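Colleague: give me the fold of what follows.
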Amino acid sequence: MTSHFDKSAEPCLRIADASLRPRVGFLGVGWIGRHRLQSICESGAVEIAAVADFDTAAASEAAAQIPGAVAAPSLDALFEMQLDGVVIATPTALHAEQAIAALERDTAVFCQKPLGRSADETARVIRAARLVNRLLAVDLSYRFVRGVQQIKQMISAGEIGTIYVADLVFHNAYGPDKAWYYDRKFSGGGCLIDLGIHLIDLALWMLDFPVVEKISSRLFSQGRPVQRAAGALEDYALARLDLATGATVNLACSWRLPAGRDALIGASFFGTAGGLSVKNVGGSFYDFRAERFQGTSRMLLDQPPDPWGGRAAVAWAEQLSVARTFDARIEPAHLVAEVIDEIYRQNVSD
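Modeller: Residues are numbered from 1 along each chain as shown. This next block holds a predicted model:
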């Protein structure tokens, strides 16, 4: 995937009185961190005061593009600056402890997904945010695709009747390019927690987080069931969620699937009065087309261009500029984590 962070771009400009804006720090400026940094910077919702990364050269380079920002040597150094918020874009194993450390210092948090490697870690972060009454959000960015939001509104309005089935896929022709992704101790799992988390969250969010009554699943590693390959990390995951509403959600995700394109990403919802679907265009990771189905006919709802990638981060920054207090909309992150835990329980034996 190519980065949307243009190193040759003009430095971000101050577009509002910095004294009136929350001060935010960034922890981690890899590909995702730099993209979210640029998106928040361009929004002008907050003042970016500092950037930290274990790669000090990367931190210095990122900070140099933002007027008034400094490169900090560590997370503790960020805390010493008494910031209003921090954006965490570090390896998964660090998310929970770093988020809790920030929250316990009265600092709001925007964290890359997942909040934790398990439901227990996720619950601890949410509990810490609730206890100190500070804003916490996670980067579930696909909620912010324009077509996805349009479909969410139509489902909520009952425009396709009662939903009885949803089919969601996220197949990535590549695997992650960082070694820690392939160590369960650091990543929490394979393609399920990396990509499937988006599908589980999207399906349940679209349907207003109904109770999940039953889960069935299979995980594969290099074509073999994970249960038969002890210690293997899944590169293909299938799951079925049966909901208390009577609906069924089918999920599939993978790394390195030979699908003949970079990616296959889609979410389709079928109800008693029609269907709604959003799918990537031409194998793109970024371009999505949304449609409505009636029998054999289809109607276009939305199509590219739609620069959605940084919207979750900007939404957090804009909310932080209004109020730093706890937002209960983060609570369902624990439900999503419980679903992931159950799938691993069914398939992985340590």
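Colleague: in stretch 140-153, what's buried?
Modeller: For stretch 140-153, a neighbour-count test (16 or more other C-beta atoms under 10 Å) marks 140-152 as buried. Just so you know, the C-beta spots here come from the backbone N, C-alpha and C atoms, and that holds for glycine as well.
Colleague: give me the mean pLDDT for it.
Modeller: Per-residue pLDDT values over stretch 140-153 give a mean of 98.
Colleague: would you mind measuring the gap between the ends of that stretch?
Modeller: Taking C-alpha to C-alpha, to the nearest Å, stretch 140-153 runs 18 Å from one end to the other.
Colleague: what's the answer for stretch 307-315, then?
Modeller: Per C-alpha to C-alpha, stretch 307-315 runs 14 Å from first to last residue.
Colleague: start at 28 instead
Modeller: Let's use 28 as the start, then, which means that last one is stretch 334-342.
Colleague: my guess is Leu362 meets Ile242, correct?
Modeller: No - if you go by C-beta atoms under 8 Å, Leu362 and Ile242 don't touch, sitting 11.9 Å apart.
Colleague: elements contacting the helix or strand hosting Leu64?
Modeller: Assigned by DSSP states H and E, Leu64 falls within helix 58-70. Packing contacts for helix 58-70, counted by 3 or more C-beta pairs under 8 Å, 6 or more residues apart in numbering; DSSP states H and E, involve strand 50-54, strand 74-79, strand 112-115, helix 338-347.
Colleague: mind redoing it with 10 Å?
Modeller: strand 50-54, strand 74-79, helix 83-91, strand 112-115, helix 338-347 (3 or more C-beta pairs under 10 Å, 6 or more residues apart in numbering; DSSP states H and E).
Colleague: can you put the ones you listed in a markdown table and add distance to Gln139?
Modeller: Listed next are these as a markdown table, based on distance: least, C-beta to C-beta, whole Å:
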| stretch | distance to Gln139 |
| --- | --- |
| strand 50-54 | 10 |
| strand 74-79 | 15 |
| helix 83-91 | 16 |
| strand 112-115 | 6 |
| helix 338-347 | 10 |
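Colleague: out of the ones you listed, which comes closest to Arg288?
Modeller: helix 338-347 (24.7 Å; C-beta to C-beta).
Colleague: report the buried residues of the closest one.
Modeller: Buried, per 16+ other C-beta under 10 Å, within helix 338-347: 338-344, 346-347.
Colleague: so Ile75 touches Gly95, yeah?
Modeller: Yes - with contact defined as C-beta atoms under 10 Å, Ile75 reaches Gly95; the gap is 7.9 Å.
Colleague: the two: which is more packed in?
Modeller: The residue with more neighbours, out of Ile75 and Gly95, is Ile75; 27 against 13, by other C-beta atoms under 10 Å.
Colleague: and the more buried one, how far from Val165?
Modeller: Ile75 sits at a distance of 20 Å from Val165 (criterion: C-beta to C-beta, to the nearest Å).
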